[in-house]
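Engineer: let me see the structure of the following:
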Amino acid sequence: MNMPLLSPFTDLEALSWTQKLIGVAVFLQTIELLQLRSKFNETGIWKWSTLQREFQIFPRPVFALLDFLLGYRNFIAVLFLRLIASATVIFFPHPALFLFLLLSTVLISLRWRGTFNGGSDFMTLIVLMGVSGATVFREIPIVRLACLGYIAIQTCTSYFIAGFIKMKTSNWRRGKALPGFLNATIHDGNPLLNSISRNRVICLAASWAVIVFECGFPSALLNPQLCVVLIGLGFLFHLGTWIIFGLNRFLFAWMAAYPALYYCSQLHR
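Structural biologist: Got it, this is the predicted structure:
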């Protein structure tokens, strides 16, 4: 198997790398949720007995199923099964396992009435939907292409929308938004970050660098070499947000989408 981002590779290789990387991402996400289980048991702030009232809008059979699955004990069981399944797909990408990962991710989103960790959960769902479809219909080339293309387009869209919103926001255009983020990191009182946040020139340049990068990211589909550069910048960007803000989920969720993006960048050749 060719290594991605170094040479051209096929749709099956792109699918294989996507399967492995999303398995790693979901595995790590599940460990995080299990570490927080004291927060959603029956004495925690996210206890099911409080949240279940909002699910009574569903038909009785649906509510009964959700009540069964999302209660603390059974939800913990779902998370442990998810942990096992995500580790397994890294080596044995069975379609049933990906469908379970997709459904369990939807359940987690329902449990927290949206997403647990914002954009990273959204991207996880996107990749799981694409990879599940491509794995179930692995023998149909057009379906594989459609699923990988779906992941690639959604990845480009996610960056572009983020950049476009920043560009429309005056505080981002003026470099005034970034200091607020830098002053609210996991490294409270870090001298380097404090120094950067007080430097208007650096903040302005960094703000526009992020805006240009995000708005220009869809150009990754135009050329494999350009795609490699943008993927590298994306990796560094997400690595930086992990180190500075503790957003590790974003790094692994978007990394899982990169093989599909790189494959699609080769299609016009």
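
Engineer: chain neighbours aside, what residue packs nearest to Gly175?
Structural biologist: Distances taken as C-beta to C-beta, 6 or more residues apart in numbering place Leu204 nearest to Gly175, at 3.2 Å, with adjacent residues excluded. (Glycine included, C-beta is placed from N, CA and C.)

Engineer: return the distance of the helix or strand hosting the one you found from the chain's centre.
Structural biologist: Using DSSP states H and E, Leu204 maps to helix 200-216. Computed by C-alpha atoms, centre = their mean, to the nearest Å, the chain-centroid distance of helix 200-216 equals 22 Å.

Engineer: buried stuff in that helix?
Structural biologist: Buried residues in helix 200-216, defined by neighbour count with 16 or more other C-beta atoms under 10 Å: 203-204, 207, 210-211, 213-215.

Engineer: list of residues touching that helix?
Structural biologist: Residues external to helix 200-216 that are found in contact with it (C-beta atoms under 8 Å, 6 or more residues apart in numbering): 159-160, 162-164, 166-167, 172-179, 196-197, 230, 233-234, 237.

Engineer: shaky segments in the stretch 101-250 of the chain?
Structural biologist: 114-117, 185-189 (pLDDT under 70).

Engineer: swap in 90 and give it another go.
Structural biologist: Flagging of the stretch 101-250 of the chain using pLDDT under 90 yields the residue ranges 109-120, 175-200, 203, 241, 243-248.

Engineer: now do the helices in it.
Structural biologist: For the stretch 101-250 of the chain, applying DSSP state H, counting those that start in this stretch gives helices covering 119-136, 141-168, 170-173, 177-182, 191-198, 200-216, 224-245, 248-255.

Engineer: who are the packing partners of whichever helix or strand comes after the last one?
Structural biologist: Counting by DSSP H and E, the next helix or strand C-terminal to helix 248-255 is helix 258-265. With contacts taken as 3 or more C-beta pairs under 8 Å, 6 or more residues apart in numbering; DSSP states H and E, helix 258-265 sits against helix 11-35, helix 141-168, helix 224-245.

Engineer: in the last one, what counts as buried?
Structural biologist: Buried residues in helix 224-245, counting neighbours by 16+ other C-beta under 10 Å, are found at 224, 227-228, 230-231, 234, 237-238, 241-242.

Engineer: just flag the most distant two among the buried residues of helix 200-216.
Structural biologist: Cys203 and Cys215 (18.4 Å; C-beta to C-beta).

Engineer: look up phi and psi at Asn199.
Structural biologist: Asn199 has phi and psi values of phi -90, psi 110 when expressed as degrees, to the nearest 10.

Engineer: wait, which of the buried residues of helix 200-216 is closest to Val127?
Structural biologist: Glu214 (18.9 Å).

Engineer: picking up where we left off before, just name the closest of the buried residues of helix 200-216 to Thr135, please.
Structural biologist: Distances from Thr135 to the buried residues of helix 200-216, taken as C-beta to C-beta, are shortest for Glu214 (29.8 Å).

Engineer: which residue packs closest to that closest one, ignoring adjacent ones?
Structural biologist: Nearest residue to Glu214 in three dimensions, chain neighbours excluded: Gly163, at 2.7 Å (C-beta to C-beta, 6+ apart).

Engineer: OK, contacts around that neighbour?
Structural biologist: Gly163 is in contact with 210-217, counting by C-beta under 8 Å, 6+ apart.

Engineer: rewinding a little: can you redo the helices of the stretch 101-250 of the chain as TSV with distance to Gln56?
Structural biologist: Formatted as TSV, the helices of the stretch 101-250 of the chain follow (distance: least, C-beta to C-beta, whole Å):
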stretch	distance to Gln56
helix 119-136	24
helix 141-168	33
helix 170-173	41
helix 177-182	39
helix 191-198	46
helix 200-216	40
helix 224-245	37
helix 248-255	31
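
Engineer: nearest to Leu81, out of these?
Structural biologist: Comparing those by C-beta to C-beta, helix 119-136 comes nearest, at 15.2 Å.

Engineer: list the buried residues of that closest one.
Structural biologist: The neighbour-count check on helix 119-136 (16+ other C-beta under 10 Å) flags 120-135 as buried.
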